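1. structure of the sequence below:
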Amino acid sequence: MDLFKLGGKKALVVGGGLGIGRATARLLSGAGASVAVLDMDPARAETVSAELRASGGIACAVSEDVSLAEGAEAAVSKAAAGLGGLDILVNIVGRNSVTEGVADVKPEQFELLLSRNLRHHLYTSGAFARRQRAEKIGGAVVMVASIAGILSAPGAGPYGATKAALISLTKTMAVEWAPLGIRVNSVAPGITWTDRNQWGQDIQDRAKRTIPMGRIGHQDEIARAALFLASDMASYITGQILVADGGMTIIAAYDGA
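-> Sure, this is the predicted structure:
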C-alpha cells in the first residue's frame, strides 16, 4: 500500500457508509489517508469511520444530502474541518431505480435519477474545486460512472443517460481544473456485487456466457480502481474513464466482413 503514497493525504468519500464507498474508505485508510466518511444515514457513516479508527486510521463521519447544492458545500466544509484539510474527493453515490423502457419513464422517476446519479457529482466536485482553488492546492477527484453510460442501456435508458452525462462532465472538469492541479477521473463498473446488488442465479449464468472473465465483479475491485485513480500512482492521468467490467464492453468481435 506504500506504493500509493497517501500518507498525510485527506480524503472525503461520498457514499462511504455502504458498498463500493465503504470498500473505498477502507482502502484509502489502509494506504495512509485520513478519511471523512459521508453517508445520508449518520449511523452508517459513524460505523465505518469508527471501524477505520479502530484499525489505527484517522477518520470522521459526515452526514449531508449532497443532492442539494448547500448540502454538498456543507459536506466539503465539514470534511475539511474534521480532517484539517482535503486532498481527495471520491464520490461513489449512484443507483438505478427504473426498469421501464424510455417511452414509459415518468418525469418524477427521471428527476430522481438525476439527483442520484448526476447532480451530486456536479455539486460536490464543484465545492471541492472551489475550496482547492481558494487554498491554492491541487487534488484528485474520482467519481463512479457505469458502462451503462458507454453502451446502450435498454430498460435502463435514463440511468444510462445520467452516467453518460457524468462521463462528459468528468472530461470537462479535467480540462477546466488541470490548471488548478486537480485531476478528475471516473471508474465505470460493469455488473458488480455490492451490498445492495445481490445478483440472482440467472444473472450469474448470463455473466459466465457474456463476460470474457466469466464472472460478476466485486465492490472491492471497483474500490481498488478508485484508489489507483486517487493516488499518485495516477499522477499523469486525468479526464479518463477506467472501465472495470471483466471485458464486457469489448465482447463484440470482428467477423471478417
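2. any idea which helix or strand comes after the helix or strand containing Ala43?
-> Assigned by DSSP states H and E, Ala43 belongs to helix 42-54. Scanning forward in sequence from helix 42-54 by DSSP H and E, the next helix or strand is strand 59-62.
3. what lines up beside that next one in the sheet?
-> strand 34-38 (parallel) (DSSP bridges).
4. and the angle for the strand it pairs with with helix 42-54?
-> Per axes from the mean of the first three to the mean of the last three C-alpha atoms, to 10 degrees, the angle that strand 34-38 makes with helix 42-54 is 170 degrees.
5. what lies in contact with strand 34-38?
-> 9-17, 21-22, 25, 28-29, 45, 48-49, 52, 57-64, 66, 75, 78-79, 82-84, 86 (C-beta atoms under 8 Å, 6 or more residues apart in numbering). Every C-beta, even on glycine, is put in place using the N, C-alpha and C of the backbone.
6. let me know the secondary structure of the closest residue to Arg215 other than its chain neighbours.
-> Nearest non-adjacent residue to Arg215, counting by C-beta to C-beta, 6 or more residues apart in numbering: Ala207, 5.9 Å away. Recorded secondary structure, Ala207: helix (DSSP: H, G, I helix; E, B strand; the rest coil).
7. residues contacting Ala207?
-> With C-beta under 8 Å, 6+ apart, Ala207 has these contacts: 191, 199, 214-216, 246.
8. between the two ends of stretch 148-168, how far is it?
-> Length of stretch 148-168, first residue to last, C-alpha to C-alpha, to the nearest Å: 13 Å.
9. may I see the buried residues of it?
-> If you call a residue buried by 16 or more other C-beta atoms under 10 Å, then stretch 148-168 has these buried ones: 148-151, 153, 156-167.
10. helix or strand for Ala140, just tell me which one.
-> strand 139-144.
11. what about that strand, distance to the chain center?
-> Relative to the centre of its chain, strand 139-144 is centred 7 Å away, using C-alpha atoms, centre = their mean, to the nearest Å.
12. which SSE is immediately downstream of it?
-> Immediately after strand 139-144, counting by DSSP H and E, sits helix 157-177.
13. quick one on the thing from earlier: quick one: strands adjacent to the strand holding Ala140?
-> Here strand 139-144 is paired, per DSSP bridges, with strand 88-91 (parallel), strand 182-189 (parallel).
14. can you report the mean pLDDT over the residues of that strand?
-> For strand 139-144, the mean per-residue pLDDT is 97.
15. got the angle for that strand vs helix 157-177?
-> Using the same axes, to 10 degrees: strand 139-144 against helix 157-177 is 170 degrees.
16. need the three-state assignment for the closest residue to Pro189 other than its chain neighbours.
-> Sequence neighbours aside, Ile222 is the residue nearest to Pro189 in space, at 4.9 Å (criterion: C-beta to C-beta, 6+ apart). Following three-state DSSP, the label given to Ile222 is helix.
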